[in-house]
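> Structure of the sequence below:
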Amino acid sequence: MDHVAIMNKSWHLIPKIVSGEKTIESRWYQTKRAPWDKAKVGETIYFKNSGEAVTTSATISKVLQFSLTSLADTKAVVEKYGEAICLLNRDPATWDKSPKYCILLFLKDPKLLPHPFHIDKKGFGISSAWMVVEDIGKIKVK
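Residues are numbered from 1 along each chain as shown. Sure, this is the predicted structure:
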């Protein structure tokens, strides 16, 4: 499987992935959704800023999933992994909503793609921030 992570451009995280500063991609959710139980070691994540082309890829080297039942659970994850995630706000008490689930995807071999490409998100939901596809080539815009 391949994955597409759609990023918030204003957070400037893709350059941090490429430089090796950001070594963990995290997703914080209220419900179990992709990539929960869908991401496996050895699979590729393609990264793009919202509204832009896919520019970067990395390989998943480890996956951790957490069910967060309290603020203390969330704080523990942030304290241990927040720096590698490059979290902008490391105080979960100030977040809009306290997440119930967290997925951490450890990244290795990040690289800028020599030929960035656009994708067709049809069927994934217009505001989908994570896509799981059998083969990235199937959603590449030719």
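> okay, CA-based contacts and neighbour counts for the rest of this
Will do.
> mind listing what's buried in the longest helix anywhere in the chain?
The residue-count maximum for a helix in the chain (DSSP state H) belongs to helix 71-85. If you call a residue buried by 16 or more other C-alpha atoms under 10 Å, then helix 71-85 has these buried ones: 73-75, 78, 81-82, 84-85.
> now the strand of greatest length in the chain against helix 71-85, angle please.
Ranked by residue count under DSSP state E, the longest strand found in the chain is strand 101-117. Note on geometry: by axes from the mean of the first three to the mean of the last three C-alpha atoms, to 10 degrees, strand 101-117 and helix 71-85 are set 30 degrees apart in direction.
> in this protein, which spans are strands?
So, for the chain - with DSSP E - the strands run 2-7, 24-29, 44-49, 54-67, 101-117, 130-133.
> among those, which is the most enclosed?
Mean neighbour count (mean count of other C-alpha atoms under 10 Å) peaks for strand 44-49 among those, with a mean of 23.
> coming back round to it: sheet-wise, list the partners of the longest strand of the chain with their directions.
Sheet pairing of strand 101-117 (DSSP bridges) gives strand 24-29 (antiparallel), strand 54-67 (antiparallel).
> Run the chain-centre distance for that strand.
The chain centroid and the centroid of strand 101-117 are separated by 8 Å under C-alpha atoms, centre = their mean, to the nearest Å.
> Now do it against strand 44-49, angle only.
Put simply, strand 101-117 runs at 80 degrees to strand 44-49, going by the same axes, to 10 degrees.
> which residues are contacting strand 101-117?
Applying C-alpha atoms under 8 Å, 6 or more residues apart in numbering, the contact partners of strand 101-117 are 17-18, 20, 23-32, 35-36, 39, 53-68, 140-141.
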